[in-house]
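*Asks:* Give me a 3D structure for the following:
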Amino acid sequence: MLVFDHVIKRFGANTAIDDVSLTIRAGVITAVIGPNGAGKSTLVNMAAGSYRATSGRILLDGAELQTLPKYRIARAGLGRTYQNIRLFDGLTVLQNLEVALVPQSLPLLIAEAFWLAPRGSAEARETSRAVLARLGIAHLADRQAGSLAYGQQKLVELARAIVGRPRALLLDEPAAGLNHGETDELKAHIQSLRSPELAIVLIEHDMKLIMSVSDEITVMNRGAVLAQGAPEAIRDNRQVQEAYLGQPGAMGAIETAARGRRNRVRLRASEGLAWGQS
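*Replies:* Residues are numbered from 1 along each chain as shown. Alright, predicted model coming up:
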């Protein structure tokens with residue numbers, strides 16, 4: 001469903017993505033892992049329209065995305081979350097989801113704004129509440145997004161990414177900043193999203209999460225695909241271990257580093273939230 005066809009991305013003299021070809025199939029959770037600077041987030045940002053590919057094609061259900069603006073990519077059926085949460089802090093949780101369901105036609109949007117056409121807000125609200133209920137956060141619908149705890153904000157961002165029923169879902173480090181309990185909850189939600197109509201891309205450093213939810217894993221290193229396969233094959237791949245920490249038997253150290261990273265991010269996020277409420 002989601003295809004990267006000989007994609008290259010250069011930033012000046014630096015090649016961030018080096019001739020990557022990758023197919024993300026529907027009904028499958030595909031993890032993309034690799035050391036920092038491997039090009040994982042760059043790949044997601046190109047698919048979502050934040051970066052333009054230098055060359056190559058990115059296709060969703062056969063439609064080329066690499067030249068489209070972001071809003072048309074979203075309409076084509078691609079949803080995403082971000083490494084750093086990007087919610088509308090001053091809007092309620094429900095409104096954050098409704099924003100993703102505005103009319104796709106500009107004339108209809110204007111007509112609704114001036115009450116010249118039936119408003120679709122009731123349907124959007126019902127759809128949004130159903131998604132919030134699915135993720136267990138319906139009770140937060142009328143809370144301001146900026147007042148929520150960090151883990152709750154992560155779930156709201158996931159809800160916003162799926163409310164439009166995307167055909168491909170890109171999750172960019174969704175567990176960053178979460179504690180163990182929150183990560184387990186996130187894991188259950190990701191697993192519940194698996195369906196024959198949805199291709200899921202999961203970028204993460206938490207190897208325990210990756211190994212427990214992924215059907216397939218693609219390993220990137222220095223902008224290129226290093227290895228692809230089932231979780232068990234990737235876990236035992238010597239090249240993968242060496243790419244991470246330069247030595248075999250590195251997976252335990254990777255998981256320890258991921259846990260430490262989550263704690264540091266959580267601390268920064270908590271400090272930022274406290275500052276925003278003062």
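
*Asks:* Can you list the buried residues in stretch 43-61?
*Replies:* By 16 or more other Cβ atoms under 10 Å, the buried positions in stretch 43-61 come out as 43-49, 51, 53, 56, 58-60. C-beta: built from backbone N, CA, C; applies to glycine.

*Asks:* ditto for stretch 124-139
*Replies:* 124-125, 127-128, 131-132, 135, 137-138.

*Asks:* same question, stretch 18-30
*Replies:* 20, 22-24, 26, 28-30.

*Asks:* Next: stretch 89-101.
*Replies:* Applying 16+ other Cβ under 10 Å to stretch 89-101 flags 92-98, 100-101 as buried.

*Asks:* circling back to that earlier point, with distance to G34 as extra columns, can I get the buried residues of stretch 43-61 in TSV?
*Replies:* Converted to TSV, the buried residues of stretch 43-61 look like this (distance: Cβ to Cβ, whole Å):
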residue	distance to G34
L43	10
V44	12
N45	15
M46	16
A47	16
A48	19
G49	22
Y51	17
A53	19
G56	19
I58	19
L59	23
L60	23
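
*Asks:* So which of those residues sit within strands?
*Replies:* 56, 58-60 (DSSP state E).

*Asks:* Could you list the low-pLDDT ranges of this structure?
*Replies:* By pLDDT under 70, the weakly predicted segments of the chain are 103-120, 244-278.

*Asks:* where along it do the helices fall?
*Replies:* Counting by DSSP state H, the segments of the chain that form helices are 40-48, 70-75, 93-98, 106-113, 121-134, 150-162, 180-193, 207-213, 231-235, 238-245, 251-277.

*Asks:* any idea of the angle the first one forms with strand 55-60?
*Replies:* On the basis of axes from the mean of the first three to the mean of the last three Cα atoms, to 10 degrees, helix 40-48 is oriented at 70 degrees to strand 55-60.

*Asks:* May I have helix 40-48 as CSV, with CA atoms only?
*Replies:* The C-alpha trace of helix 40-48 is given here as CSV (Å, rounded to 0.1, in the frame of the first residue of the first chain):
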residue,chain,number,x,y,z
LYS,A,40,14.1,7.0,9.9
SER,A,41,12.2,10.2,10.6
THR,A,42,13.4,11.7,7.4
LEU,A,43,11.6,8.9,5.6
VAL,A,44,8.4,9.6,7.5
ASN,A,45,8.7,13.3,6.9
MET,A,46,9.0,12.8,3.2
ALA,A,47,6.0,10.6,3.0
ALA,A,48,3.9,13.1,5.0
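
*Asks:* Counting by contacts, list what that helix packs against.
*Replies:* strand 2-11, strand 14-24, strand 29-33, helix 70-75, strand 78-80, strand 168-172, strand 199-203 (3 or more Cβ pairs under 8 Å, 6 or more residues apart in numbering; DSSP states H and E).

*Asks:* cool, and the third one?
*Replies:* Judged by 3+ Cβ pairs under 8 Å, 6+ apart, helix 93-98 is in contact with helix 121-134, helix 150-162.

*Asks:* do the second one as well
*Replies:* Helix 70-75 sits against helix 40-48, with contacts defined as 3+ Cβ pairs under 8 Å, 6+ apart.

*Asks:* could you check the angle strand 2-11 makes with the helix it packs on?
*Replies:* Helix 40-48 runs at 110 degrees relative to strand 2-11, counting by the same axes, to 10 degrees.
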